[in-house]
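S.K.: Could you look at this predicted model? Sequence included:
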Amino acid sequence: MVKGRSIENIEKDLIGNLERDLNTLVRVVLTDLSTKRNSPVDTGFFVSSWTASTQRPRPDEARESVAPWSNIKPRRRGDQSNPQAVIEPRFIDSIPNFKPFSKVFIGNRSQYAARALASPNSQIPQYVQGELRRLINTVFTEKPKLGIAAFGTGVRGSEENLNVRFKGKGIGQFSDSSSVFVDYETP
C-alpha cells in the first residue's frame with residue numbers, strides 16, 4: 001500500500017533508508033564472515049570474533065581467556081575438522097547502530113587474526129573482492145520510487161510553501177492541473 005507523504009520529508013526518509021541499509025549491510029557481512037565457508041576454523045574462536053565499530057577493532061583477545069574456546073584444544077592441522085570447534089558470533093548483537101557517512105571498520109578481535117587471515121583455509125580475500133562488492137551493489141542500488149500525482153494537498157508554490165515549485169501539466173491520469181499531489185514510495 002502506498003503511503004502519501006509530504007515532499008518535505010524526503011531528505012529525512014532517504015537518510016533513514018541509507019542508515020537502515022548501512023546497518024543491514026554491516027550485519028550481513030559480519031554474519032557471512034562468521035561462517036566456516038569464509039573464515040578458517042580450528043577452535044572456532046577466530047570465526048566467532050568478527051565485529052564492527054567506528055574505530056579499528058584491535059586484535060586484543062586471547063582464545064585462552066574466553067570460554068568456551070579456552071577449553072578447546074587447537075588441532076593446528078589446517079583441515080577445519082575439529083569436532084570440538086564452537087562457532088558462536090560474539091559481537092553481532094552488540095554492535096552499535098551506525099549513522100550514514102560515518103566510517104565503519106569491520107575486523108576481528110582474536111590475537112592471532114593476522115595468521116588466520118593468511119591461512120590457506122581463509123576465503124576472506126575472495127569474499128571481500130567478490131561477494132562483498134555484490135552485496136554493496138545489491139543493498140545500495142535500490143532507489144526510492146518517486147511519483148507526482150494529483151489530489152488537492154496544496155504543495156503548489158504558494159505563500160506557505162515557497163520552496164516547492166510545480167509548473168506545467170501532469171501526464172495521463174495526473175493531467176488535471178487544478179490539483180497537485182506529491183507522493184513517494186520506498187520499497
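M.R.: That came in fine, so what should we check first?
S.K.: Give me the distance between the two termini of stretch 28-44.
M.R.: 19 Å (Cα to Cα, to the nearest Å).
S.K.: how about it: buried residues?
M.R.: Neighbour counts over stretch 28-44 (16 or more other Cβ atoms under 10 Å) mark Val29, Leu30, Asp32, Leu33, Ser34, Asn38, Ser39, Pro40, Val41, Asp42, Thr43, Gly44 as buried. Heads up, the C-betas are built off the backbone N, CA and C, glycines and all.
S.K.: Next: stretch 114-121.
M.R.: Ala116, Ser119.
S.K.: Kindly export it (C-alpha atoms) in CSV.
M.R.: Provided in CSV are the C-alpha atoms of stretch 114-121 (Å, rounded to 0.1, in the frame of the first residue of the first chain):
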residue,chain,number,x,y,z
ALA,A,114,46.7,-11.9,11.0
ARG,A,115,47.8,-15.6,11.0
ALA,A,116,44.2,-16.8,10.5
LEU,A,117,43.7,-14.4,7.6
ALA,A,118,46.8,-15.7,5.9
SER,A,119,45.7,-19.3,6.4
PRO,A,120,45.1,-21.4,3.2
ASN,A,121,41.7,-22.1,4.6
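S.K.: residues making contact with it?
M.R.: Where contact means Cβ atoms under 8 Å, 6 or more residues apart in numbering, the residues beyond stretch 114-121 that reach it are Ser39, Pro40, Val41, Phe46, Pro59, Gly78, Gln80, Asn108, Ser110, Ser122, Ile124, Pro125.
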